[in-house]
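1. Predicted coordinates and the sequence they were generated for:
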Amino acid sequence: MGYLPLEELAKLDVIEAGDYETAVEEIYRLGWTDGLPVILPTPRLVQKILDYLGRDPQQVIGIIPPYQGGATVEKIAVNCVMAGCLPEYVPVVLAALRAMLTDRFNLNGVQATTHCAAPLLIVSGPVVGRLGFNSRDNVFAGGCRANAAVGRAIRLILWNIGGGRAGELDKAVLGHPGKWSHCIAEEKEWNPWRPLHADRGFDSAESCVTVFAGEAPHHIMTGGGYSTPDKILTVLADSMATVGNSTMQAGGDMVLVIGPLVARHLADKGYSKSDVREALIERARKPAGLMKANEYLGESHPFHFSRFTDPKDDAALVPLIRRPENLLIVVAGGWGSGSGICAFIPGWGQHGGFAETEKIDFPQ
């Protein structure tokens, strides 16, 4: 696409331009941006982040695949500036990077796959209110600097340091808009259950970020304001278990975002989060005969559904949720009307992008 080769880009330290407009165009020419404009990473703005963090600028936080670029604190700061991050957002970015660099996440695969998977950040705990993350109306869309800038910072780091450039090392056939920025926050006040990070072994009072590589959100209208829990769970299960999504085919992690109205309605009827998960495990299934219509996963494939169901019995039901811990349940979004809106995000099957959670550490 005409970008400067990554090996040349890595050699650059400082670029000079006569005016603002020239600098913007030079950034485009160098390929430092994913197509959207960026904030110019001037030395003063980068230094503000470095001063806030109080860390060695040359400390390597990790090696970002597939290009295997070294993510120093300084390079991370540069990309955070370009994304529009305030200094206090950067610890969230660092925690997300640590989570994405675990072996289970398989960032190398996520960056280079032909699948549309893109890392989703889910911020939870007191940091949501402290830094102004949006957990309510339009939670997956624009309008909030914290959500947009933190998500964009991760994307630019993966782009500039890791080499996840569209059409080059990133081979996604379609991708999805989350590859510009994909960061939401979990709602606290309207959440009738314990937070996501508490489900994953952290103290409820801590601030954490969970990363997960998945598809774009699949919108589900449950009728939650008027319906019974039985009908709501049936609609959710049927909408989640679609033959074409990678999680239905091969298992792995997935995220269900339950709108506050639906969560409150279910909780008022006596359903805990575990109850919801167990009900969906039982209901989110598809007949083996229908699954065989999709030949992407042959019987010799290591993740074929025959591990869970007799493939010769067309009426046998294949479970979407292979293990209870595969389903992450998050409460987020606006209250809305009685339509009871939720969203389902399938993952990348068993190939990687599995959910990982890290505590956010702020400078003392």
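-> Yes, it's here.

2. Which residue ranges of this protein form helices?
-> Secondary structure of the chain (DSSP state H): helices located at 6-9, 20-30, 43-53, 73-83, 90-100, 107-112, 127-131, 145-160, 196-199, 229-240, 246-250, 260-268, 273-283, 288-291.

3. Need those helices in TSV (columns: distance to T309).
-> Where you see a C-beta, it was placed from the backbone N, CA and C, and this is true even at glycine. Below are the helices of the chain laid out as TSV (distance: least, CB to CB, whole Å):
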stretch	distance to T309
helix 6-9	45
helix 20-30	51
helix 43-53	51
helix 73-83	45
helix 90-100	33
helix 107-112	27
helix 127-131	40
helix 145-160	37
helix 196-199	28
helix 229-240	16
helix 246-250	12
helix 260-268	28
helix 273-283	14
helix 288-291	5
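
4. Export the ones you listed to a markdown table and append columns for mean neighbour count, distance to E206 and mean pLDDT.
-> Shown next, in a markdown table, are these (neighbours: other CB atoms under 10 Å; distance: least, CB to CB, whole Å; pLDDT from 0 to 100):
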| stretch | mean neighbour count | distance to E206 | mean pLDDT |
| --- | --- | --- | --- |
| helix 6-9 | 14 | 37 | 59 |
| helix 20-30 | 13 | 37 | 91 |
| helix 43-53 | 16 | 20 | 97 |
| helix 73-83 | 24 | 22 | 97 |
| helix 90-100 | 24 | 11 | 98 |
| helix 107-112 | 22 | 24 | 96 |
| helix 127-131 | 18 | 9 | 98 |
| helix 145-160 | 25 | 18 | 98 |
| helix 196-199 | 21 | 7 | 98 |
| helix 229-240 | 19 | 29 | 97 |
| helix 246-250 | 24 | 28 | 89 |
| helix 260-268 | 21 | 21 | 96 |
| helix 273-283 | 18 | 18 | 98 |
| helix 288-291 | 17 | 40 | 89 |
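
5. Centroid-nearest residue for this structure?
-> The residue lying closest to the centre of the chain (CA atoms, centre = their mean) is L120, at 0.8 Å.

6. Now do the contacts for it.
-> G178, H182, C183, I184, V211, F212, A213, G214, V255, I345 (CB atoms under 8 Å, 6 or more residues apart in numbering).

7. okay, now the first one: neighbour count?
-> In other words, G178. 23 (other CB atoms under 10 Å).

8. quick one, domains of this protein?
-> The record's domain parsing of the chain by automatic domain parsing lists 1-215+352-364, 216-346.

9. Which two of the contacts of L120 have the greatest separation?
-> I184 and A213 (14.4 Å; CB to CB).

10. Which one of these two is surrounded by more residues?
-> Neighbours per residue (other CB under 10 Å) separate I184 from A213, with A213 holding more: 31 against 27.

11. Enumerate every residue touching the residue lying closest to that one once chain neighbours are set aside.
-> Nearest residue to A213, sequence neighbours excluded (CB to CB, 6 or more residues apart in numbering): G353, at 2.6 Å. G353 makes contact with F105, N106, G109, V110, A117, P119, F212, A213, G214, G252, D253, G347 under the criterion CB under 8 Å, 6+ apart.

12. now those residues in CSV, with distance to A316?
-> Below are these laid out as CSV (distance: CB to CB, whole Å):
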residue, distance to A316
F105, 33
N106, 31
G109, 31
V110, 32
A117, 29
P119, 35
F212, 29
A213, 30
G214, 27
G252, 21
D253, 24
G347, 24
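
13. hang on, the earlier thing: beta partners for the residue nearest to the centre of the chain?
-> F212 (DSSP bridges).

14. pLDDT score assigned to it?
-> The confidence metric pLDDT takes the value 98 at L120.

15. Same question for L12.
-> Value for L12, per-residue pLDDT: 59.

16. next one: L327
-> 98.

17. wait, doesn't it sit right on R277?
-> Yes. Between L327 and R277 there is a contact under CB atoms under 8 Å: 5.5 Å.

18. which residues do those two both contact?
-> I321.
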